[in-house]
Structures are given as C-alpha cells and as structure tokens.
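>>> can you look at this prediction? I've put the sequence above it.
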Amino acid sequence: MKKETMLDYLDKELNEKIRDFDTAIDWDTRNHTIEVVVRLFAENKDGETIDDAQGVLSEEEVIEFEDGVIFYNEQKTKQKPDSQDYLAVIPFDGKKGIQQSTIDGFLVYLNEVLIDGQDDLLEFLTNPEKESFELVWDMEQFNKAVEQAEKETNSYLPYPSY
C-alpha cells in the first residue's frame, strides 16, 4: 500500500476540518512548494466602494478576499517565499516531508484565523472607521497549536513523488 504523503494528508484533512470556508491546494512541483489558498466572502449590503491592495476599486455585492499559506522545501525551493506575499510561510524537510503534528496544528490554527477573519471582514464592511482588512497569523499561536498536536502524533508525512 502506498504511504500517505503530506499532500494527500493535507488535502484530506483540509476538506474534513475546514468545511465552512473555501480552500484550494496548489502544488508547484518545479519549485517544491504546496500552497493552501483560502477565500473569505462577505456581502457588501451597503454597496460600499472597496479598494484592494493593488488599488482596484469594487462595488460588488459580494466581496471576495483571498490569501494563502505556503509550505516550501528548505533545500530545493529555488527562491524562499516572501513572508509578505503569504499569510504564513512554513518550511518542510525535503523528501522527508513534514511532521503530521505540524499539519494538524496548522489546520486547527488556520480554522481559528478564518473564523476571526470572517468576523473582521464583516466588521470592515459595516464599520466606516475600519480602514483596512487583512487576516492575521500569529506564529506563536501557530506553534502552540503544533505543540498541542505533537501530544497526539509525531510521525512524518513524506513529500509526494511525481
């Protein structure tokens, strides 16, 4: 039987544990990265004009916000991902992969971030004093979630072969 890889496990667990949010996985085999893309949606009832990070104005009825977390191979990724381009940047160890507890902790904490983010996005749309919106990732909180998950498992999930 084929051993479960970090990509298989991440996909399965993401679909089970992050049900209330739109997510996708983008595996870049050439750059040895796996990106988890998350999207939040909110109704723009008042038709507020919103400008995004690139300065594009929108008055859409439904506002979509997208961000991502990237897992990268410390040895083979050609260019280390810039932490300013992602919600979080998480390294893994080549073909050895990543500890299952890291993915388990990631999913627990990501769900918390998305729940808080959804509330913040709705507040942003209804509170004129809020000038901007972004998801907030706290590495200390993430590390605590991983430590908690380590109590249950500490096995490695290998990087997938292609």
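Alright, I've got the coordinates. Numbers count the residues shown, from 1 in each chain.
>>> rest of the way, CA atoms for contacts and neighbours
OK.
>>> just after the worst-scoring helix or strand of the chain on mean pLDDT, pick out the following helix or strand.
Across the helices and strands of the chain, mean confidence by mean pLDDT, DSSP states H and E is lowest for strand 57-58: a mean of 57. Downstream of strand 57-58, the first helix or strand assigned by DSSP states H and E is strand 62-73.
>>> grab the nearest non-local neighbour of L14.
L107 (6.9 Å; CA to CA, 6 or more residues apart in numbering).
>>> quickly find the element holding the one you found.
L107 belongs to helix 100-126, assigned by DSSP H and E.
>>> low pLDDT regions in the chain?
Applying pLDDT under 70 to the chain flags the ranges 1-2, 44-61, 162.
>>> at 90 what do you get?
For the chain, the stretches with pLDDT under 90 are 1-3, 41-65, 74-84, 94-95, 121-134, 151-154, 161-162.
>>> now do the strands in it.
22-28, 33-43, 50-51, 57-58, 62-73, 88-92, 98-99, 156-157 (DSSP state E).
>>> number of nearby residues for F21?
17 (other CA atoms under 10 Å).
>>> what residues are up against it?
By CA atoms under 8 Å, 6 or more residues apart in numbering, F21 lies in contact with V38, R39, L40, L114.
>>> pull out the buried residues from the residues you listed.
V38, L40, L114 (16 or more other CA atoms under 10 Å).
>>> E131 reaches F124, doesn't it?
Yes: at 7.3 Å, E131 counts as touching F124 under the criterion of CA atoms under 8 Å.
>>> okay, these two: which has more neighbours?
Using other CA under 10 Å as the criterion, E131 and F124 rank with F124 on top: 17 against 9.
>>> not counting its neighbours along the chain, what's nearest that one?
Using CA to CA, 6+ apart, the nearest residue to F124 is K130, at 5.4 Å.
>>> next one: A149
S101 (4.9 Å).
>>> wait, that neighbour touches K144, no?
No: using CA under 8 Å, S101 makes no contact with K144, being 11.0 Å away.
>>> kindly state the beta-bridge partners for E43.
V62 (DSSP bridges).
>>> contacting residues around the spatially most central residue of the chain?
Central residue of the chain (CA atoms, centre = their mean): V69, 3.7 Å from the mean position. The contact partners of V69, taken as CA under 8 Å, 6+ apart, are E35, V36, V37, Y86, L87, A88, V89, I90.
>>> can you rerun that using 10 Å?
25, 34-38, 83, 85-90, 106, 110, 137 (CA atoms under 10 Å, 6 or more residues apart in numbering).
>>> all set now, cheers.
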